[in-house]
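K.L.:
I'd like to go over a predicted model; first the sequence, then the structure.
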Amino acid sequence: MMKINKQLNHTAAHVLALAILQLWPDTKLGFGPPTEDGFYYDFLFSKSLSETDLSKIEKQMRKIVSNNYVIKKMDKSFEYDFSNQPFKKELYDEFKSKDLDITYYSIHDPKNNKELFVDLCAGNHIDEIKTLKHFKLLSLAGSYWRGDSNNVQLTRIYGTAWESEEELEQYLNLLKERKERDHRKIGKEMNLFMFDLLSGQGFPIWLEEGMKIRNRIMKEVKNLDSKYGFSEVFTPIVGEKKLYLTSGHWEHYKNDMFKPIDCDGEHLVLRPMTCPHHVLIYKSKRRSYRELPIRYSEQSSLFRYEKSGALIGMERVRAMLLTEGHIFVRQDQIDKEFENCYKMIKEALDIFNIKIDYISLSLRDPQNKEKFFDDEKMWNDAENDLRNVLKKLNIEYEEKIGEAAFYGPKVDIQIKTFLGHEITLSTIQLDFLLPRKFGLDYIDSNNEFKVPILIHRGLIGTYERFLSIMLEQTKGNFPFWLAPKQVVIIPINNDLYLNFCEQLYYELKEKQFYVEIDDRNERISKKIREAQISKAKIQIVIGEEEISTNTLSLRFYGESEVIKIDRDKLVEYLEKLRDEKK
């Protein structure tokens with residue numbers, strides 16, 4: 001991972017602000033911090049800017065950098081003129097009211113002993129601006145002052161600065177790669193999903209091609225559930241508010257839940273998780289130790305109130321389908337069931353060829369009694385149980401303090417996206433608390449009542465997030481068995497060859513392949529190009545030669561080599577690709 005120089009980028013943000021004021025003196029200044037991969041500055045302009053203005057701004061920045069200016073900390077006697085900078089005045093008044101240390105830094109011209117630009121700033125800059133040589137302005141975006149949608153909207157200018165031209169080029173290439181792997185772009189090109197404000201922000205619409213992928217994934221998930229001993233159930237998408245008060249989710253997660261719907265005196269909540277519903281199934285009758293472990297699985301529709309600014313395509317949505325499982329176990333069964341879950345997750349990720357970053361053991365913060373249920377023994381037992389199982393299985397992991405669920409520790413499979421986001425894909429959580437809250441029990445071999453332990457299992461996370469990961473990691477180039485558009489048949493001439501193409505189409509359709517005929521009145525080159533854009537896995541162009549020789553030419557997506565195959569052996573060949581998951 002490339003490591004950025006934050007001092008350099010903080011200085012670049014100040015140079016950007018000076019360039020803006022030189023070009024448009026009446027501009028109001030917001031924040032201008034360094035980030036993990038560059039810098040930005042927020043401005044309120046009297047005129048609207050476009051992407052074409054970035055080159056003009058960058059040119060002005062280079063003009064500034066060409067001089068021998070320095071960054072200088074102003075002495076304590078300096079007084080800032082806030083008359084034309086209301087956002088800076090607001091920050092100053094806030095710092096003053098909190099009795100915080102207030103400092104200013106300037107871009108100073110030593111030759112004329114003049115301050116060209118002064119900013120309310122905590123510091124951390126390079127000394128000489130002339131060393132800021134390798135930078136690039138990247139984009140414009142809208143941003144609300146202080147991130148509050150009730151405030152005025154500002155224009156945010158993003159940029160990045162590096163210590164060498166080589167590093168800058170390397171980073172710009174990374175940005176290009178990110179763009180090519182952006183699941184939102186690929187999903188649109190492949191016609192997999194869409195969003196519409198009329199259906200609600202963050203509520204995805206799965207399109208026909210996307211559903212083909214989702215159904216294939218679900219088939220594998222259900223096969224694994226059956227293989228590893230889970231029984232499928234189906235529970236309501238809502239729960240009475242009392243359910244979440246009992247479970248503790250309302251206390252800990254209510255800000256991430258949709259508000260209750262008043263329905264004939266009931267207060268129904270769109271559920272953010274399924275575990276309380278599965279607890280109700282367990283509690284519906286008396287249980288014996290002989291029945292345990294009891295494993296429930298569900299393709300769970302969940303709803304979470306994500307802030308609109310946090311929504312990212314299918315990676316972060318408000319409505320989702322989760323590959324969920326819950327296991328009720330005895331104490332002596334924890335090791336075996338955890339191992340069972342881990343093997344199941346590993347097999348699932350191997351099937352879909354998902355590359356993970358690392359595995360984390362998420363623990364409580366012992367000092368935070370509000371976020372985590374206050375029971376020292378319960379937490380010590382649960383955390384030690386997970387540590388012991390991980391060591392027994394020789395699984396390398398990183399401990400994460402404060403990242404546990406409120407009810408117990410968990411093991412998470414972590415993935416780092418090309419956008420730089422770290423997201424949890426699969427998870428195994430140990431829960432001693434929920435069974436106690438709902439008064440769950442079973443009768444042991446001595447005819448005494450004991451409390452079961454609950455294991456939460458997220459196999460591949462949500463289908464939405466899983467799709468976003470797969471699109472990013474494959475660039476939409478799915479293996480044949482998973483591709484939503486497996487075969488596209490293209491007749492060179494509809495009048496002469498369409499009948500042959502239709503016979504081939506219906507033969508493949510009968511064998512449940514995803515096949516299409518492109519019989520539009522368009523140029524062959526355009527049809528082939530559009531099949532490439534849509535990531536069609538195999539293209540078969542049909543002309544006189546193919547019919548007369550009874551030999552088909554198969555061109556795979558992204559490959560120049562053409563495979564010749566006997567027309568009568570096509571189905572057998574494609575079935576082998578599908579069955580072997582190639």
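P.N.:
That came through fine.

K.L.:
Domain parsing of the protein, as residue ranges.
P.N.:
What automatic domain parsing lists as the domains of the chain is 6-173, 189-239+270-474, 487-579.

K.L.:
With adjacent residues omitted, what lies nearest to Ser50?
P.N.:
The spatial neighbour of Ser50 that comes closest, neighbours along the chain excluded (CB to CB, 6 or more residues apart in numbering), is Leu140 at 7.4 Å. Glycine gets a C-beta too; all of them are placed from N, C-alpha and C.

K.L.:
coming back round to it: winner for burial among the domains of the chain?
P.N.:
Of the domains of the chain, the one with the most neighbours on average (mean count of other CB atoms under 10 Å) is domain 189-239+270-474, at a mean of 18.

K.L.:
what mean pLDDT does that domain have?
P.N.:
Averaging pLDDT along domain 189-239+270-474 yields 91.

K.L.:
where does Leu138 land in three-state SS?
P.N.:
Per DSSP: H, G, I helix; E, B strand; the rest coil, the local secondary structure of Leu138 is strand.

K.L.:
just checking, it touches Gly38?
P.N.:
Yes: with contacts defined as CB atoms under 8 Å, Leu138 counts as touching Gly38 at a distance of 7.1 Å.

K.L.:
what touches both of the two?
P.N.:
By the contact definition CB atoms under 8 Å, 6 or more residues apart in numbering, Leu138 and Gly38 are jointly contacted by Tyr158, Gly159, Thr160.

K.L.:
ok, so of those residues, who is nearest Ile71?
P.N.:
Top of the list for closeness to Ile71, among the shared contacts of Leu138 and Gly38 and by CB to CB, is Gly159 at 17.1 Å.

K.L.:
distance of the closest one from Tyr228?
P.N.:
When distances are taken as CB to CB, to the nearest Å, Gly159 and Tyr228 turn out to be 50 Å apart.

K.L.:
just to revisit the earlier point, in TSV, list the domains of the chain along with distance to Met257.
P.N.:
Below are those laid out as TSV (distance: least, CB to CB, whole Å):
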stretch	distance to Met257
domain 6-173	20
domain 189-239+270-474	5
domain 487-579	37
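
K.L.:
Make sure Thr103 is actually in contact with Asp75.
P.N.:
No: using CB under 8 Å, Thr103 makes no contact with Asp75, being 10.0 Å away.

K.L.:
What distance do you get for Ile354 to Asn394?
P.N.:
With distances defined as CB to CB, the gap from Ile354 to Asn394 amounts to 21 Å.

K.L.:
go on, Tyr144?
P.N.:
Between Tyr144 and Asn394 the computed distance is 49 Å (CB to CB).

K.L.:
what ranges do the strands span in the stretch 1-150 of the chain?
P.N.:
Using DSSP state E, counting those that start in this stretch, the strands of the stretch 1-150 of the chain run over residues 28-29, 34-35, 38-44, 70-73, 104-109, 114-120, 134-144.

K.L.:
show me where the stretch 101-250 of the chain has helices.
P.N.:
With DSSP state H, counting those that start in this stretch applied, the stretch 101-250 of the chain shows helices at 165-181, 183-189, 208-227, 241-247, 249-253, listed in chain order.

K.L.:
Name the surrounding residues that touch the next helix or strand after the last one.
P.N.:
Spelled out, it's helix 249-253. Scanning forward in sequence from helix 249-253, with DSSP states H and E defining helices and strands, the next element found is strand 261-263. Contacts of strand 261-263 with the rest of the structure, by CB under 8 Å, 6+ apart, involve Val238, His267, Leu268, Val269, Leu270.

K.L.:
Could you rerun that using 7 Å?
P.N.:
Applying CB atoms under 7 Å, 6 or more residues apart in numbering, the set of residues contacting strand 261-263 from outside is Leu268.
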